[in-house]
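Student: show me the folded form of this:
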Amino acid sequence: METFKTYRRDFLTDTGGANGFGFLTMAFGAQRYMDQALALAKSFRRHMPNERLCLVTDRETADPVFDDVVTMDPFGVAGTILKTRLYDYSPYDETFFIDSDSIVCRNFSEHVEKMRAWDITPVCNSYLKRGDRDLWLHDVGAALDKVGGDAFPKFNGGVYFFRRSDFASELFERTRQMMLRADELGIINFDSAGPGDETVMGLAFAEMKVGPLYDDNFGLMRTPLNSVGRIVADPFSGKSEIFKNGRRMSPAIVHFCGAYASHVTYLRAQRALELGHAPSPFEELKMQAQWRWTTLGKRLSARFGMNGSSP
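Tutor: Numbering: from 1, shown residues only. From the prediction side, this is the model:
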């Protein structure tokens, strides 16, 4: 089992375990994920300046923008499945997790307070039943039958709230058990490390027959996945905009999952947070070119069956 150590960066003293409420993100593996975590932290600080923020990482040091650092033990293949260890890693009694490839556009304290009504919850407003189809399960109904569930919560793992409790501990443990049952349950691998956290955690929620999870009414966190038109995520003005599924949304947190971490909107926000102001017109052109190149590569991979890398 992985262990962790944590220290307060401003005092460099052992915190001695869980304490209070805090926000947490993870970054491990390639340097670009560390860069993403730093951009997230800077956007977070603009809108939530007085909150504690922890980085879970495989590095020994981190930028002082983080209050706390939890160092992961060595692991095999990096992947989103490492998020199933969040309960063990967090130094807080109550934790609000945000994926590192996200940009915070405005304060979201109101949503946090509402989520604290649960021992653990993602943002979720969709539940799949028998007969529905899912990208990461061969057969939703068969998986539900095997775990004894009635519905499969379908959510993005960009944010989670959880508190130290018997219920949350049990749910994380069952989530890890779902990983071991991946073949039996018909789970399709998300990345080279195996199943995605959302699938195994969703099945754990189903097995524990958890009732409705937190519905943010499209205001807390959304991804640009399957969106159309322009994407806005400006941590300086506080503006955000995504149009998907026939609805215009303005989430407080935009989660640039997958290839969207190369989208010009994300690159612009990341660079602006680094500079403290908007990038130059020349840099804007470079970002546009980078996004077009990434998009072309994805299209060629899909058309000709090439093995493209996953961001």
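
Student: need the helix or strand of the protein with the lowest average pLDDT.
Tutor: In the chain, no helix or strand scores lower on mean pLDDT, DSSP states H and E than strand 4-8, which sits at a mean of 30.

Student: avg pLDDT for the top helix by length along the chain?
Tutor: Identified as the longest helix of the chain according to DSSP state H is helix 281-304. The average pLDDT for helix 281-304 rounds to 78.

Student: can you check stretch 30-49 too?
Tutor: Stretch 30-49 shows a mean pLDDT of 97.

Student: gap between it and the chain center?
Tutor: Taking the mean of its C-alpha atoms, stretch 30-49 sits 13 Å from the chain's own mean (C-alpha atoms, centre = their mean, to the nearest Å).

Student: quick check: closest non-adjacent residue to residue 87.
Tutor: Closest residue to residue 87 apart from its sequence neighbours, by C-beta to C-beta, 6 or more residues apart in numbering: residue 172 at 4.2 Å. Any C-beta I mention is one placed from the backbone N, CA and C, and that applies to glycine too.

Student: typo on my end, residue 109
Tutor: Closest to residue 109 by C-beta to C-beta, 6+ apart is residue 48, at 7.3 Å.

Student: report the separation between residue 251 and residue 300.
Tutor: From residue 251 across to residue 300, the span is 31 Å (C-beta to C-beta, to the nearest Å).

Student: of those two, which one has the most company?
Tutor: Counted by other C-beta atoms under 10 Å, residue 251 and residue 300 do not tie: residue 251 has more neighbours, with 25 against 12.

Student: which ones are touching that one?
Tutor: Each residue near residue 251 by C-beta atoms under 8 Å, 6 or more residues apart in numbering is listed here: 105, 216, 218, 219, 220, 221, 222, 240, 242.

Student: the second one looks like it's in a strand, true?
Tutor: Put plainly, it is residue 216. No. Residue 216 is assigned coil when assessed by DSSP: H, G, I helix; E, B strand; the rest coil, not a strand.

Student: so what's it up against?
Tutor: 111, 123, 125, 251.

Student: kindly report the domain assignment for the protein.
Tutor: Per automatic domain parsing, the domain ranges recorded for the chain read 4-100, 120-207, 221-304.

Student: can you map out the helices along this protein?
Tutor: Using DSSP H, helices in the chain cover 31-47, 86-89, 109-115, 140-147, 166-180, 182-185, 197-207, 264-275, 281-304.

Student: now residue 157: how far from residue 24?
Tutor: In terms of C-beta to C-beta, residue 157 sits 13 Å off from residue 24.

Student: can you count the residues close to residue 133?
Tutor: The number of residues packed near residue 133 is 10, by other C-beta under 10 Å.

Student: do the same with residue 199
Tutor: Neighbours of residue 199 (other C-beta under 10 Å): 29.

Student: looking at the helices of the chain, which is buried most?
Tutor: Greatest average neighbour count among the helices of the chain goes to helix 197-207 (a mean of 25), per mean count of other C-beta atoms under 10 Å.

Student: which strands and helices sit next to it?
Tutor: In terms of contacts (3 or more C-beta pairs under 8 Å, 6 or more residues apart in numbering; DSSP states H and E), helix 197-207 is packed against helix 140-147, strand 152-153, helix 166-180.

Student: contacts for it?
Tutor: Residues contacting helix 197-207 (C-beta under 8 Å, 6+ apart): 80-81, 83-84, 122, 134, 136-137, 143-144, 147-157, 171-172, 174-179, 182, 185, 187-188, 190, 213.

Student: now do stretch 264-279
Tutor: Contacts of stretch 264-279 (C-beta under 8 Å, 6+ apart): 35-36, 39, 42-43, 101, 103, 224, 230-236, 256, 260, 283-284, 287-288, 290-291.

Student: what about the stretch 201-311 of the chain, any weak spots by pLDDT?
Tutor: For the stretch 201-311 of the chain, the stretches with pLDDT under 70 are 298, 302-311.

Student: burial count for residue 236?
Tutor: Quick note: residue 236 (other C-beta under 10 Å) scores 14 neighbours.

Student: which residue packs closest to residue 147, ignoring adjacent ones?
Tutor: Counting by C-beta to C-beta, 6+ apart, the residue nearest residue 147 is residue 207, at 4.0 Å.

Student: mind checking how far that neighbour is from residue 184?
Tutor: 13 Å.

Student: ok, now residue 23?
Tutor: 35 Å.

Student: try residue 72
Tutor: Distance of residue 72 to residue 184, computed by C-beta to C-beta: 28 Å.

Student: and if you look at residue 270?
Tutor: 40 Å.
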